[in-house]
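Q: no sequence for this one, just the structure:
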């Protein structure tokens, strides 16, 4: 069989191999310090507790833990999710195979060829990878240090009828930016006024370094009557990403359709994994979250100090108050994809910012992850990054 | 927010709530004997071995078992799959979140609105649920007791240019029919001649009651040069369906595109689950398969005997040589959906055959699953089914 590409569906024309993915494969080499992957710190994973939970679940549930189960999800886990949200019943909760699946299902439910979707610029790359196969047209709304600029959103909504607004108000991936309460309220209010639903991605919910968690858009929307926010969150940034358990919550008319789609996509999220997460959510989670916050705050502080020491003259960055990421700007005119090549020579890696921008802007930006690097790696890695940047500046100079 | 339906993508117009799904919810009631679900026998699940495997995996791999992993799958598991197939290297293997995900990904890769796909009539309902959201146009090829009628397929291929042929040659769901070697060869040859790829669903591969497994279409295609069959199989009918681990294998140009799509859909199949399955595949699987075959053969025999005793006059059925299902025909003019209502009154359940037929035919057919019922339930349940059928015949008579 020749020429497979000519047989594929039209949507595949939009799905390109990521050049960055190829570069990042290099970063698996020994000796490279990587700030690239959006990986939680594995040293904090509850390995021992998972072992005990596996034992408990298989003793309690036996073969049921290994059998097919309902598409909607493990009932006690749905109850647990609903109990953590205002005015929410378990039938509004669908357990998904990671947050990524919620993005795919919502994309599949709403987006037809050419349909507009509002995204922050930059936004989570995985959301673009989920929505693009459904041939979304992106309306990129600019951000400032406080997140999506709501005035710019409103200008967009005056001119377009998007299917939904994809928003990451808390410790956004890739920027680490956080939306304050007054802007959250404004965002929810504008979305309601223009009758455009919000898809709120709250993956980093628990990772507020202060421990003070702002109301979600879902919660604020409830205060205005509710029904305009589809909410998703996950265990991937706390208990374990490798078990792929997350959830999406929304109006019943939406969730029942997502359930239908999920049935065609993977029948259900693994039964055993849902039972394990339910077990750990009740026992380990609260304490673990505190440990993660403290560790990530320390690492952020170390990275900020190292940046101050090694890149103060050449770059700008933010001070994220939670999450796993920090956003760096290098001088206008430089390309962080070129910087990455220099960086790999110096044995350090990051993710260039451009792919996070649906409009192809942001060439002089990059994402650094501080969650999954030891203090020593942060010190040495940022020093190397400084050298790489100066070497690029010399070439360009 | 009102009128969500009007905001959904056009594809949702094709996705209807299944009336049968609603009826089958009733079958969860205590006292009902269900031959409806396509469930493996839970009493054969390796619960104790899974507990030990969880211990081993978490000891050996520690936090890595709980971390994000590559989209392609756990490398040793990909090697294990490749080693079981002729002329296949691990880079041709993608680990999926159940077989259902392979159907979704292949559908997403090939099918655009109105694209034709060949399916057997009847075919696996989950395949229709996977392909329909991509707006497939089905070309239903009739079956006889030996599976898809290849002459009819060839007539179809003379007139149409389908994207692929979806085939379940071994112990098909829903009919339990099995294609013999000569017809397999003919199918592979015809598909190559018309240059239409085959998607071979081999979920029931190991469940040949004789223990003699016929060559797969994938293998036969290799003998003619290869490259025209995409192959999928799963652990769901052997080790555990609830862990959702399966695989799809094919030409590199196809698999690399499936990997891109999977990244947008769920990032990767759970790391822990892949490691567990790799562990059990090497230890438990061969012995377990023999036990499953023997158990299911016994149950099939019991069901055949009970049918002979209670429905010999009113119905026809086949004698499946493997798998989990048996296909029943009731007199022309009767509707098995109506029979189901009578059956539920008698406290027995099955799945009506019509939804498995993309052209809406098959009203007088139904699927019985013998894998997940005790000998006593088979005896009593089939007796009840006989009563239900006679009560329907009385009404209609």
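A: Looks like it arrived, so ask away. Small disclaimer: the values here were computed from a predicted structure and weren't measured.

Q: any idea how far residue A:221 is from residue A:165?
A: Distance of residue A:221 to residue A:165, given as C-beta to C-beta, to the nearest Å: 12 Å. For the C-beta atoms, the positions are set from N, CA and C on the backbone; glycine is no exception.

Q: what's the overlap in contacts for the two?
A: Taking C-beta atoms under 8 Å, 6 or more residues apart in numbering or on different chains as the contact rule, residue A:221 and residue A:165 both touch A:191, A:198.

Q: so where do the helices sit in the stretch 151-300 of chain A?
A: Using DSSP state H, counting those that start in this stretch, the helices of the stretch 151-300 of chain A run over residues A:181-193, A:217-223, A:252-266, A:271-283, A:285-311.

Q: looking at these, which is closest to residue A:146?
A: helix A:181-193 (5.8 Å; C-beta to C-beta).

Q: tell me who's in contact with residue A:329.
A: Per C-beta under 8 Å, 6+ apart, neighbours of residue A:329: A:315-317, A:364-365.

Q: now the two most distant members of the residues you listed.
A: A:317 and A:364 (12.5 Å).

Q: how about the contacts made by residue A:105?
A: So residue A:105 contacts A:94, A:96, A:248, A:258, A:261-262, A:265 (C-beta under 8 Å, 6+ apart).

Q: try 10 Å
A: Residues counted as contacts of residue A:105 (C-beta atoms under 10 Å, 6 or more residues apart in numbering or on different chains) are A:94, A:96-97, A:130, A:232, A:248, A:254-255, A:257-262, A:265, B:265.

Q: pretty sure residue A:355 sits in a helix.
A: Yes. Per DSSP: H, G, I helix; E, B strand; the rest coil, residue A:355 lies within a helix segment.

Q: would you mind measuring from it to chain B?
A: 13 Å (C-beta to the nearest C-beta, to the nearest Å).

Q: next, format the helices of the stretch 151-300 of chain A as JSON lines and append mean neighbour count.
A: Shown next, in JSON lines, are those (neighbours: other C-beta atoms under 10 Å in any protein chain shown):
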{"stretch": "helix A:181-193", "mean neighbour count": "18"}
{"stretch": "helix A:217-223", "mean neighbour count": "22"}
{"stretch": "helix A:252-266", "mean neighbour count": "22"}
{"stretch": "helix A:271-283", "mean neighbour count": "23"}
{"stretch": "helix A:285-311", "mean neighbour count": "17"}
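
Q: can you list these in JSON lines and add mean pLDDT and distance to residue B:141?
A: Formatted as JSON lines, these follow (pLDDT from 0 to 100; distance: least, C-beta to C-beta, whole Å):
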{"stretch": "helix A:181-193", "mean pLDDT": "98", "distance to residue B:141": "49"}
{"stretch": "helix A:217-223", "mean pLDDT": "98", "distance to residue B:141": "48"}
{"stretch": "helix A:252-266", "mean pLDDT": "97", "distance to residue B:141": "22"}
{"stretch": "helix A:271-283", "mean pLDDT": "97", "distance to residue B:141": "35"}
{"stretch": "helix A:285-311", "mean pLDDT": "97", "distance to residue B:141": "52"}
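
Q: in chain A, spot the strand with the most residues.
A: Criterion DSSP state E: the longest strand present in chain A is strand A:137-144.

Q: tell me how many other residues crowd residue A:247.
A: Using other C-beta atoms under 10 Å in any protein chain shown, residue A:247 is surrounded by 25 other residues.

Q: show me the beta-bridge partners of it.
A: residue A:95, residue A:233 (DSSP bridges).

Q: so it sits against residue A:102, correct?
A: Yes. Judged on C-beta atoms under 10 Å, residue A:247 makes contact with residue A:102 at a distance of 7.4 Å.

Q: tell me, what's touching those two both at once?
A: A:94-96, A:231-234.

Q: over to stretch A:220-239 now: how far is its first residue from its last?
A: Distance between the two ends of stretch A:220-239: 27 Å, counting by C-alpha to C-alpha, to the nearest Å.

Q: brain fart, stretch A:247-255
A: End-to-end for stretch A:247-255, by C-alpha to C-alpha: 11 Å.

Q: looking at the contacts of residue A:329, which is nearest chain B?
A: residue A:365 (22.3 Å; C-beta to the nearest C-beta).

Q: quick check: bridge partners of that closest one?
A: Using DSSP bridges, the bridge partners assigned to residue A:365 are residue A:329.

Q: how about the residues of the stretch 251-397 of chain A by chain B?
A: Counting by C-beta under 10 Å from any C-beta of the partner chain, the residues of the stretch 251-397 of chain A close to chain B are A:251-254, A:256-257, A:259-276, A:372.

Q: just checking, residue A:162 touches residue A:194?
A: Yes. Residue A:162 is in contact with residue A:194 according to C-beta under 10 Å; the separation is 9.0 Å.

Q: higher neighbour count, these two?
A: Shown here are residue A:162 and residue A:194; by other C-beta under 10 Å, residue A:162 has more neighbours (23 against 16).

Q: let me see the contact set for that one.
A: Contacts of residue A:162 (C-beta under 10 Å, 6+ apart): A:110-111, A:115-119, A:136-139, A:153, A:156, A:194, A:196-197.

Q: what's the spacing between it and residue A:97?
A: Applying C-beta to C-beta to residue A:162 and residue A:97 gives a distance of 26 Å.

Q: what does residue A:147 give?
A: According to C-beta to C-beta, residue A:147 stands 28 Å off from residue A:97.

Q: between these two, which is the more surrounded one?
A: Ranked by neighbour count (other C-beta under 10 Å), residue A:147 and residue A:97 place residue A:97 first, with 30 against 23.

Q: contacts only, for the more buried one.
A: A:104-105, A:243-246, A:262, A:265-266, A:268-270, A:273, B:97-98, B:101, B:244, B:265-270.

Q: if we use 8 Å, what do you get?
A: A:244-246, A:266, A:269-270, B:97, B:244, B:266, B:270.

Q: now, among these, which is nearest to residue B:335?
A: Checking the contacts of residue A:97 against residue B:335 with C-beta to C-beta, the nearest one is residue A:266 at 31.7 Å.

Q: distance of that closest one relative to residue B:241?
A: Residue A:266 is 12 Å from residue B:241, by C-beta to C-beta.

Q: where do the contact lists of these two overlap?
A: With C-beta under 8 Å, 6+ apart, residue A:266 and residue B:241 have common neighbours residue B:98.

Q: surely residue A:66 touches residue B:244?
A: No. Using C-beta atoms under 8 Å, residue A:66 makes no contact with residue B:244, being 10.6 Å away.

Q: residue A:236 contacts residue A:246, correct?
A: Yes. Proximity of residue A:236 to residue A:246 meets the contact threshold set by C-beta under 8 Å, at 6.5 Å.

Q: these two: who's more crowded?
A: Remark: of residue A:236 and residue A:246, residue A:246 carries more neighbours, 26 against 21, as counted by other C-beta under 10 Å.

Q: the closest residue to the more buried one other than its chain neighbours: how many residues sit nearby?
A: Closest residue to residue A:246 apart from its sequence neighbours, by C-beta to C-beta, 6 or more residues apart in numbering or on different chains: residue A:234 at 3.6 Å. When neighbours are counted by other C-beta under 10 Å, residue A:234 registers 24.

Q: how far away is residue A:234 from chain B?
A: In terms of C-beta to the nearest C-beta, residue A:234 sits 11 Å off from chain B.

Q: likewise residue A:243?
A: Taking C-beta to the nearest C-beta, one finds residue A:243 at 5 Å from chain B.

Q: neighbours of that residue, just the number please.
A: That count, for residue A:243 with other C-beta under 10 Å as the rule, works out to 26.

Q: ok, it touching residue B:269?
A: No. Using C-beta under 8 Å as the test, residue A:243 is too far from residue B:269 to be in contact (10.8 Å).
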